[in-house]
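Student: coords please:
(chains A and B)
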There are 2 protein chains.
Amino acid sequence: MSRLPAFGPKEYADRLRRVRAAMAARDLDVLVAADPSNMAWLTGYDGWSFYTDQAVVVTHDDLPVYWGRHMDAQGARRTVWMDHDHIVGYHDDWVQATDRHAYQHLAAWLVDHGHARARIGVELDNYYYSAACHLHLGEGLPDADLTDATGLVNWQRTIKSPTELDYIRKAALLVTRMHEVIRERVRPGLRKSSLVADIMHAGIEGVGGDDGFGGDYPAIVPLVPSGADASAAHLTWDDRPFEPDTLTFFEIAGCYRRYHAPLSRSVYLGTPPPAVRRAEEALLAGVAAGIDAARAGNRACDIADALHRELAAAGIEREGRCGYPIGLSYPPDWGERTISLRANDTTVLEPDMTFHFMPGLWTDDWGLEITESIRIRADVPAEVLADVPRELVVVDA
Amino acid sequence: MSRLPAFGPKEYADRLRRVRAAMAARDLDVLVAADPSNMAWLTGYDGWSFYTDQAVVVTHDDLPVYWGRHMDAQGARRTVWMDHDHIVGYHDDWVQATDRHAYQHLAAWLVDHGHARARIGVELDNYYYSAACHLHLGEGLPDADLTDATGLVNWQRTIKSPTELDYIRKAALLVTRMHEVIRERVRPGLRKSSLVADIMHAGIEGVGGDDGFGGDYPAIVPLVPSGADASAAHLTWDDRPFEPDTLTFFEIAGCYRRYHAPLSRSVYLGTPPPAVRRAEEALLAGVAAGIDAARAGNRACDIADALHRELAAAGIEREGRCGYPIGLSYPPDWGERTISLRANDTTVLEPDMTFHFMPGLWTDDWGLEITESIRIRADVPAEVLADVPRELVVVDA
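Tutor: Numbers count the residues shown, from 1 in each chain, chains lettered A, B, ... in the order given. Sure, this is the predicted structure:
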């Protein structure tokens, strides 16, 4: 893992070509991408600067332009593949100010660069494109046509390149190691925060010693709820000890150069009650069936249906999503927000798509998660990227 | 640190009273707060669920209502102080769907609850209130008056309660320990990712052993750029070794129950060049002057001016922000986004306001950060919350 563009020039050129084709299909002259994952995917830009306004501007006749706070434009000089004349910084007075808004600066820049009457795609539904960003951009470009391009770049990211797959496989090695740490250390009485500290340490310290590699920060912190807290899917941790006779799930990811391999396993401290064992058995069958259905030519819903069929056969009704695409991500989400593995999503699967197949079961009393990061292949079941035993981890209490 | 509301009922009642007063002053019938920090401050809600749409609805005549995804409503049942009839969950089909938007659900709920013609404050400029959220809310409430209430709750958070100060002091103990780890371990040849793993471990493992406490995740990951990379303020890390004869800054925070104490220190591996030593000397004087000026009755700009005067006396021109309020936060920012310590902010300081006083110096070749988390007091300089030697850490290379 090292600084500077994570991919070669041909790969960035190919990405730009695909985005421009998608822009052309929607008649867009300009795209303003504020999603940090899309910004990084297009330009290589990497930094924890998304808490202030920043974007990448894509047109048909010039290279992408990074736009952001002056001190982050310095970061762009260190990380993007474009020349420095394609990096625009705004003054610190625009940062979190109450009397002005940075998107007024961007609007003026777009006017100055001939886009006053352009048809401009914006990512309407992104964390880093607030309602205020949109209003100020619109006010500064009264003659432009702002149109929703949420997901336009994301959809170009679904099929992974060989280098991207290499990064995701490294992330999978990291998450494999993180789950080893869980199996080695989890026990009743251990402070949950202590185990989380060890899990996060393992993911950043990395694998392979001096010849290996270190990890990056995952876009979501460990989710490790126990007992009835695990009826809620997104609680993090506290510093109370693990209690005997409880079920805990560990939803974590390895991350290498911003590429993710999420993977959940569950741990019972004590003797699992029959209901948990039955759910585990059904879930293991459902995971296997889903992976078998996860092959090119099938649809996203086929994975969900295969899972839900196995669960229904065991008397478990489950609905909702059971997965999403994974790859390059920044907080707050390691999913790509395009395809959903669920009953009403008929997207056809293609080789080298990557997903977190994520069949959690949540009751009012406990939560059980057994998940896999997978790669779609032609003709055969999906490749399982990490190597972690799927069974419930049982520790004497 | 344990689950369930982090504060007593009187404190939540007082917060609600202050927010309602601010609403009344702006003639608001309803407030929709989507900032997770504001949601947690008002209700106790805690979970990594802000990557899907969620909000707290505040009115004048009923307790706050948590609104979010069904599985996160389960998390609300585990964390908020209101009764369960003040928790509203929406079906998973609304999550990251392309054919509908969760804010349509919220709009319908508001109509059903008598707010179709209300004057409703929304947080227009927040990460978790996208342009699409605003458009869908407006479409679903054609007769309501949606108005900008960005920062309305944040401004009620500036003065900290005794319990909040206790949490921030615990966070300060954590960041003190994290910087000890840096001083113990940093050396040329060490992989940067290895040191970051140790820093993060220290912050979560906590202090005080069995009688002590563990840490929570900071809202920003460690920023640890070296050499020319440190000319950019927000680069994170990679797995290359620390190089001799480079300056690295470590911008990190301790976090206890979502309350933050950020603090930066800088390390030189080798013999610091005279320019760095001169900058250090000026910065130490500036930090001391800023802390002296940071007292109740003075203004935010007085801190910035005191810093910049000392720097100017040493021939260093600095502009831009040098700090912001701190407290309860979720990613991507540990600041409260209200006051800015800068020349044009004349907010009068009050006792028990807390700030990250953050005077970084960035040149094209290096970056130097020496910062403090501080608490404003009457008549005396601000309390320095952590206990970390300020001087440049120098390690033989």
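
Student: which parts of chain A are helices?
Tutor: A:9-25, A:36-43, A:70-79, A:102-112, A:131-140, A:152-156, A:162-185, A:192-205, A:274-293, A:300-313 (DSSP state H).

Student: can you pull the contacts of A:S373?
Tutor: A:168, A:172, A:175, A:260-263, A:326, A:354-357, A:384-386 (CB atoms under 8 Å, 6 or more residues apart in numbering or on different chains). In short, each C-beta sits where N, CA and C put it, glycine included.

Student: try it again with 7 Å
Tutor: A:172, A:261-263, A:326, A:354, A:356, A:385-386 (CB atoms under 7 Å, 6 or more residues apart in numbering or on different chains).

Student: in strands only, show me those.
Tutor: A:261-263, A:354, A:356 (DSSP state E).

Student: pick the one among those closest to A:G297.
Tutor: A:T354 (16.7 Å; CB to CB).

Student: before we move on, the earlier item: filter the contacts of A:S373 down to the ones near chain B?
Tutor: Contacts with chain B within the contacts of A:S373, counted by CB under 7 Å from any CB of the partner chain: none were found.

Student: tabulate these (JSON lines), appending pLDDT and neighbour count.
Tutor: Shown next, in JSON lines, are the contacts of A:S373 (pLDDT from 0 to 100; neighbours: other CB atoms under 10 Å in any protein chain shown):
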{"residue": "A:A172", "pLDDT": "98", "neighbour count": "28"}
{"residue": "A:A261", "pLDDT": "98", "neighbour count": "30"}
{"residue": "A:P262", "pLDDT": "98", "neighbour count": "29"}
{"residue": "A:L263", "pLDDT": "98", "neighbour count": "31"}
{"residue": "A:I326", "pLDDT": "98", "neighbour count": "28"}
{"residue": "A:T354", "pLDDT": "98", "neighbour count": "26"}
{"residue": "A:H356", "pLDDT": "98", "neighbour count": "25"}
{"residue": "A:L385", "pLDDT": "98", "neighbour count": "24"}
{"residue": "A:A386", "pLDDT": "98", "neighbour count": "24"}
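
Student: in the stretch 51-200 of chain A, which residue sits closest to chain B?
Tutor: A:S193 (2.7 Å; CB to the nearest CB).

Student: quick one: is stretch A:94-107 near chain B?
Tutor: Yes - using CB under 7 Å from any CB, stretch A:94-107 reaches chain B at A:95-96.

Student: distance from that stretch to the middle of the chain?
Tutor: 29 Å (CA atoms, centre = their mean, to the nearest Å).

Student: pLDDT score for the nearest residue to A:W362 once chain neighbours are set aside?
Tutor: Among residues not flanking A:W362 along the chain, A:S231 sits closest, at 5.4 Å (CB to CB, 6 or more residues apart in numbering or on different chains). Looking at A:S231, its pLDDT reads 87.

Student: A:S231: how many residues sit nearby?
Tutor: 19 (other CB atoms under 10 Å in any protein chain shown).

Student: would you confirm that it contacts A:L361?
Tutor: No - using CB atoms under 7 Å, A:S231 is not in contact with A:L361; the gap is 10.3 Å.

Student: overlap in contacts, these two.
Tutor: By CB under 7 Å, 6+ apart, the residues touching both A:S231 and A:L361 are A:G367.

Student: which ones are touching A:A33?
Tutor: Counted by CB under 7 Å, 6+ apart, A:A33 has contacts A:39, A:42, A:55-56, A:58, A:123, A:153.
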